Each structure stands twice: as C-alpha cells, then as structure tokens.
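Asks: Can you look at this prediction? I've put the sequence above it.
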Amino acid sequence: MEELILRGFKVETDLGSKAVNANIEISAAKRVMDNIISNIMMHGNDKEPVRITCRHDENKKLILEVSNAYAPEENASTGNGVGLKSIATIMQQVDGKVNIITSDSLFRIRLQFDTAIE
C-alpha cells in the first residue's frame, strides 16, 4: 500500500480485529496484491480514497475487498484485463475466489480465502 500513498492516493483501511491465517502462499498473496495495486495506479482516481476492508463472512471465510473510483479519463472498458485475469488464475490455484465488480466509475475486487480464526 505504500506504493499507492507515494503516488498520491489516500488509503482507508478497516482490517478487523481478529488475527487470522489465510490459506495462501506468501508469494501468491504478493502477486495478487501487486496486480491490484498496479491496476489502481494505472486506472484509479487519486482524488478518491482507496478502500481496503477485511472481514469474515458467515462461513468463516476471510473476505478482502479493495475499491477505488476510476480516474476521470478511465472507465471499466479501459485496459486489457491481463492483471485481473492473473489474479483470477492465482486465486483459483489457492482454492480462493475472486469477484470483480465494475461500473462506469467504480472498481471493486473481492477476494475470499479459507481461514483458521485464532
């Protein structure tokens, strides 16, 4: 997230209060987050906050959600989608799920991981 802050983005977080162990390799998690950050830096609106939330759903799955508005000259159809396809592939490999939600002005990605709540 430091990269986003250095590029002028405001980052708002709500990471919950419980410690968790997500079932994902560190290298895979890093690749997923690198792709999300890259997507936001290329297409995001640095005048709007990047919101990162982390919570557990009713099935004790870890839900990590990242959202940001598109830059004024961008929209959901801009870009080639390679980074998002890479995220989907990685999440499938680690038995996670990904849900990408876009509108004309908003990008939101929701990642779901199996967890062990401590």
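Replies: On my side now, so go ahead. Numbers count the residues shown, from 1 in each chain.
Asks: Residues in contact with stretch 90-97: which ones?
Replies: Applying C-beta atoms under 8 Å, 6 or more residues apart in numbering, the contact partners of stretch 90-97 are N23, I24, E25, A28, R31, V32, V98, L111, Q112, F113, D114. In short, each C-beta sits where N, CA and C put it, glycine included.
Asks: Please identify the buried residues of that stretch?
Replies: I90, M91, V94, G96 (16 or more other C-beta atoms under 10 Å).
Asks: nearest to L62, of the residues you listed?
Replies: G96 (9.0 Å; C-beta to C-beta).
Asks: For that closest one, give its distance to H56.
Replies: According to C-beta to C-beta, to the nearest Å, G96 stands 14 Å off from H56.
Asks: what comes up buried for the lengthiest helix in the chain?
Replies: Using DSSP state H, we find that the single longest helix of the chain is helix 26-43. Neighbour-count burial for helix 26-43 flags A29, R31, V32, M33, N35, I36, I37, N39, I40, M41, H43 (criterion: 16+ other C-beta under 10 Å).
Asks: Closest one of these to L62?
Replies: For those, the closest approach to L62 (C-beta to C-beta) belongs to A29, at 11.2 Å.
Asks: The closest one contacts N23, doesn't it?
Replies: No: here A29 lies out of contact with N23, judged by C-beta atoms under 8 Å, at a distance of 10.4 Å.
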